[in-house]
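1. The sequence and its predicted three-dimensional model are supplied below.
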There are 2 protein chains.
Amino acid sequence: MARWEPGTAERLQRAALELFTTRGFERTTATEIAESVGLTERTFFRHYSDKREVLFHGQDELVRTFLAGVDEAPPDASPIEVVAAALGSASSVFTDERRPHSRTRQAVIDENPALQERERHKLASIATAVTGALRARGVDELAATLAAETGVTVFAIAFTRWIREDEQRSLADIAADVLHELLTLTAAAQDSGRLPR
Amino acid sequence: MARWEPGTAERLQRAALELFTTRGFERTTATEIAESVGLTERTFFRHYSDKREVLFHGQDELVRTFLAGVDEAPPDASPIEVVAAALGSASSVFTDERRPHSRTRQAVIDENPALQERERHKLASIATAVTGALRARGVDELAATLAAETGVTVFAIAFTRWIREDEQRSLADIAADVLHELLTLTAAAQDSGRLPR
DNA sequence: GTCTATAGTGCGATAGAC
DNA sequence: GTCTATCGCACTATAGAC
């Protein structure tokens, strides 16, 4: 039917994850990934502008989910409440069936500093997007940036816990707990009255 | 006296910043940087394991300053109070004389995604170090991670404002304000009682 | 698809400092 | 002699240009 198999990007993605898991990221070349699914290196780089990117496809979808959560928040919600809604929305993407895959993928990332850099960069771009969405709701720049960055931090911490082997709770539950812990920490500092300024 | 000029790394650093500023990061090769100070490409890579790293030397010093701030905090300080102390300590490194240099350097980073990735990575490693220092003080893992990551976020936001052309306040003052704003935001969410869980 | 520049590594040789 | 900074060369892989 088709001149080439559909879902080329997805096949490359799966092949890459498998090779990275067995041989490691640095000891796997783009050529090896491409040839393992019957393609050439050139085709790999047409789908993924750099080698690391093959592990981070689908992040655009995650950004959209965060933004959808922002939109769902009631009009009078405070910035942190909006971010809490975004966290709930984003967390719902990570169902229990995805946990094993997330673990495998994260194990690869945790082994390689270059991949960790890319991961942080992706998280930062989520924060930037959420900041923009908060600004669009009329939140001032400082509050928007702080709330968005804080939200992403909470998400990252929650995600790390979610993929622990002994963890049973849903990502949404963990994220809510982590956010609650943050509010507790800041409240304690607020009440002490011992901060500068 | 000496066969080789001392301070090779620093000379490479200055030359790199100048070339990056005029030609841009990507359009400057490691060879050009090295030869502009009478060295070879191979020597450049002996000092900096990768091309981006030449812009991020001195980050170890920043980490130490954060940790010194943690040490200075009173034993009964809460995690956020400890982080506030670390912020004060780290901020003091960035004196008014350093502002122009920081602006020049940041302008280069802001032009290049690969450099932004590295910058985020460096900030993340500060957070990791501060988390460790908090854990050593007996703070539990979740609180330590949250407080440290939050502190680094506050630092990054404050730094961005500090290098704005119209900004006059010291970095320490700005950081204290940003932290205060975070406490205000979280307190508002706490009080609303509208968060999940 | 092909071709090429550049990043980055490995290893041996050199040459001054001590 | 040892130690260390540099050079020179060969090499691979990434990534972008054509």
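-> Yes, it's here.
2. For the residue positioned nearest the centre of chain A, give me its contacts.
-> Geometric centre of chain A, nearest residue: residue A:123, 5.6 Å, by C-alpha atoms, centre = their mean. Residues in contact with residue A:123 (C-beta atoms under 8 Å, 6 or more residues apart in numbering or on different chains) are A:152, A:155, A:156. Heads up, the C-betas are built off the backbone N, CA and C, glycines and all.
3. Could you count how many residues lie near the last one?
-> By the other C-beta atoms under 10 Å in any protein chain shown criterion, the neighbourhood of residue A:156 contains 18 residues.
4. how much space between it and DNA strand C?
-> As judged by C-beta to the nearest atom of the strand, to the nearest Å, residue A:156 and DNA strand C stand 25 Å apart.
5. which one is that residue nearest to, not counting chain neighbours?
-> Spatial nearest neighbour of residue A:156, excluding adjacent residues (C-beta to C-beta, 6 or more residues apart in numbering or on different chains): residue A:123 at 5.8 Å.
6. Now for that neighbour, which secondary structure element holds it?
-> Counting by DSSP states H and E, the element that carries residue A:123 is helix A:113-136.
7. circling back to that earlier point, what pLDDT does the residue nearest to the centre of chain A get?
-> On pLDDT, residue A:123 comes in at 98.
8. ok, now residue A:197?
-> Reported pLDDT for residue A:197: 67.
9. picking up where we left off before, name the residues of the helix or strand following the helix holding residue A:123 that come out as buried.
-> For helix A:113-136, the following helix or strand on the C-terminal side (DSSP H and E) is helix A:141-162. Going by neighbour count (16 or more other C-beta atoms under 10 Å in any protein chain shown), the buried part of helix A:141-162 is A:142-159, A:161-162.
10. can you dump the C-alpha coordinates of the one helix or strand residue A:189 maps to into PDB?
-> If you go by DSSP H and E, residue A:189 is part of helix A:171-192. Extracted in PDB, the C-alpha atoms of helix A:171-192 (Å, rounded to 0.1, in the frame of the first residue of the first chain):
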ATOM      1  CA  LEU A 171       1.000  10.500  39.800                       C
ATOM      2  CA  ALA A 172      -1.900  12.900  40.500                       C
ATOM      3  CA  ASP A 173      -2.000  11.900  44.100                       C
ATOM      4  CA  ILE A 174       1.700  12.200  44.500                       C
ATOM      5  CA  ALA A 175       1.800  15.600  42.900                       C
ATOM      6  CA  ALA A 176      -1.000  16.800  45.100                       C
ATOM      7  CA  ASP A 177       1.000  15.600  48.200                       C
ATOM      8  CA  VAL A 178       4.200  17.300  47.000                       C
ATOM      9  CA  LEU A 179       2.400  20.500  46.400                       C
ATOM     10  CA  HIS A 180       0.800  20.300  49.800                       C
ATOM     11  CA  GLU A 181       4.300  19.700  51.300                       C
ATOM     12  CA  LEU A 182       5.500  22.900  49.600                       C
ATOM     13  CA  LEU A 183       2.700  24.900  51.000                       C
ATOM     14  CA  THR A 184       3.500  23.500  54.500                       C
ATOM     15  CA  LEU A 185       7.200  24.400  54.100                       C
ATOM     16  CA  THR A 186       6.500  28.000  52.900                       C
ATOM     17  CA  ALA A 187       3.900  28.500  55.600                       C
ATOM     18  CA  ALA A 188       6.400  27.500  58.300                       C
ATOM     19  CA  ALA A 189       8.900  30.100  56.900                       C
ATOM     20  CA  GLN A 190       6.200  32.700  56.700                       C
ATOM     21  CA  ASP A 191       5.100  32.200  60.300                       C
ATOM     22  CA  SER A 192       8.600  32.200  61.800                       C
END
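11. So which other helices or strands are in contact with it?
-> helix A:79-91, helix A:141-162, helix B:79-91, helix B:141-162, helix B:171-192 (3 or more C-beta pairs under 8 Å, 6 or more residues apart in numbering or on different chains; DSSP states H and E).
12. Turn those into JSON lines, columns for mean pLDDT.
-> Shown next, in JSON lines, are the helices and strands packed on helix A:171-192 (pLDDT from 0 to 100):
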{"stretch": "helix A:79-91", "mean pLDDT": "98"}
{"stretch": "helix A:141-162", "mean pLDDT": "98"}
{"stretch": "helix B:79-91", "mean pLDDT": "98"}
{"stretch": "helix B:141-162", "mean pLDDT": "98"}
{"stretch": "helix B:171-192", "mean pLDDT": "96"}
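13. So which bits of the helix holding residue A:189 are buried?
-> Neighbour-count burial for helix A:171-192 [16+ other C-beta under 10 Å]: A:171-172, A:174-183, A:185-187, A:189-190.
14. From DNA strand C, how far out is the residue nearest to residue A:156?
-> 22 Å.
15. Next: residue A:175.
-> 35 Å.
16. Over to residue A:55?
-> Residue A:55 sits 18 Å away from DNA strand C when distances are taken as C-beta to the nearest atom of the strand.
17. Return the distance of that residue relative to residue A:64.
-> Distance of residue A:55 to residue A:64, given as C-beta to C-beta, to the nearest Å: 19 Å.
18. Over to residue A:89?
-> With C-beta to C-beta as the criterion, residue A:89 and residue A:64 are 9 Å apart.
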